[in-house]
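K.L.:
Just to be clear, the model below is a prediction. Sequence and coordinates:
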Amino acid sequence: MELIQSFSVDHTRIVPGIFTSRVDTLGQYAVTTYDVRLKRPNREPVIDVAAMHSLEHLIATYLRNAPDWKDEVIYWGPMGCLTGFYLILKGNRASREIYDLLLRAFKSVDDAQEVPGTAPANCGHYLMHNLAMAKWYAGEFVKYLEANADNAAIFEYPKAERLITEDGQSFFDS
């Protein structure tokens with residue numbers, strides 16, 4: 001079975017950032033999946049589950065209401081490993097091109113007075129939210145993005161080495 005693209009990223013070297021995970025073509029349209037990584041996998045504590053849930057609600061609400069982007073947003077949701085989020089947008093833009101959008105989105109968390117969509121009728125686990133911790137993680141990511149805006153490493157995946165045997169079989173080291 002072929003290794004899926006996201007498993008070919010060297011998770012021992014990835015840093016927080018905004019990465020193009022994959023670009024798919026659906027008919028005549030391109031759809032891009034971005035890896036919005038807040039934590040270093042396997043080296044930093046993951047994001048608290050309740051804070052992750054709150055960030056999911058807060059950032060999704062921001063993105064789907066951003067006048068210049070709302071019609072481009074297909075999906076915003078957490079990674080199972082709790083180190084970041086996936087953003088799926090219409091079109092094919094370099095990850096640097098969505099830097100300002102994500103910086104604004106994460107900055108907006110600091111202004112939130114409540115987490116939207118947290119009533120039992122709106123949320124599958126409405127009691128599992130932590131706005132204070134969501135603000136802390138968002139603030140930490142904003143500072144990191146601002147400090148590293150000119151660092152190419154926050155926009156380019158470190159790829160795992162692809163090992164090819166003498167008989168042409170391909171393997172990944174991750």
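P.N.:
Perfect, thanks for sending it. Bear in mind that the values here come from a model prediction, so they are computed numbers and not experimental data.
K.L.:
Which strand or helix spans residue 133?
P.N.:
helix 131-147 (DSSP states H and E).
K.L.:
for residue 86, same thing?
P.N.:
strand 84-90.
K.L.:
Not counting its neighbours along the chain, what's nearest residue 156?
P.N.:
Counting by CB to CB, 6 or more residues apart in numbering, residue 19 is the residue found nearest to residue 156 once chain neighbours are left out, at 7.1 Å. From N, CA and C alone the C-beta is placed, and that goes for glycine too.
K.L.:
can you list the residues that contact the helix holding residue 133?
P.N.:
Helix 131-147 is contacted by residues 16-18, 38, 47-48, 50-51, 54-55, 58, 99, 102-103, 106-107, 109-110, 112, 114-115, 154 when judged by CB atoms under 8 Å, 6 or more residues apart in numbering.
K.L.:
So which of the residues you listed are in helices?
P.N.:
50, 51, 54, 55, 58, 99, 102, 103, 106, 107 (DSSP state H).
K.L.:
Just give the number of residues close to the last one.
P.N.:
Pointing back at residue 107 there. By the other CB atoms under 10 Å criterion, the neighbourhood of residue 107 contains 16 residues.
K.L.:
which residues touch it?
P.N.:
Here residue 107 is in contact with 138, 142 (CB under 8 Å, 6+ apart).
K.L.:
And it, how far from residue 122?
P.N.:
24 Å (CB to CB, to the nearest Å).
K.L.:
For the residue nearest to residue 156, give me the pLDDT.
P.N.:
Residue 19 carries a pLDDT value of 96.
K.L.:
what's the nearest residue to residue 47 once chain neighbours are set aside sitting at in phi/psi?
P.N.:
Distances taken as CB to CB, 6+ apart place residue 82 nearest to residue 47, at 5.0 Å, with adjacent residues excluded. Backbone dihedrals for residue 82, given as degrees, to the nearest 10, come out at phi 60, psi 30.
K.L.:
Residue 82: how many residues sit nearby?
P.N.:
Using other CB under 10 Å, residue 82 has 17 other residues around it.
K.L.:
just residue 66 next, same as before
P.N.:
When counting by other CB under 10 Å, one arrives at 16 neighbours for residue 66.
K.L.:
Next up, the contacts around it.
P.N.:
Taking CB under 8 Å, 6+ apart, we find residue 66 in contact with 73, 101, 104, 105.
K.L.:
Buried subset of the residues you listed as a PyMOL selection?
P.N.:
Of the contacts of residue 66, the buried ones go into a single PyMOL selection, burial set by 16 or more other CB atoms under 10 Å:
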select buried, resi 73+101+105
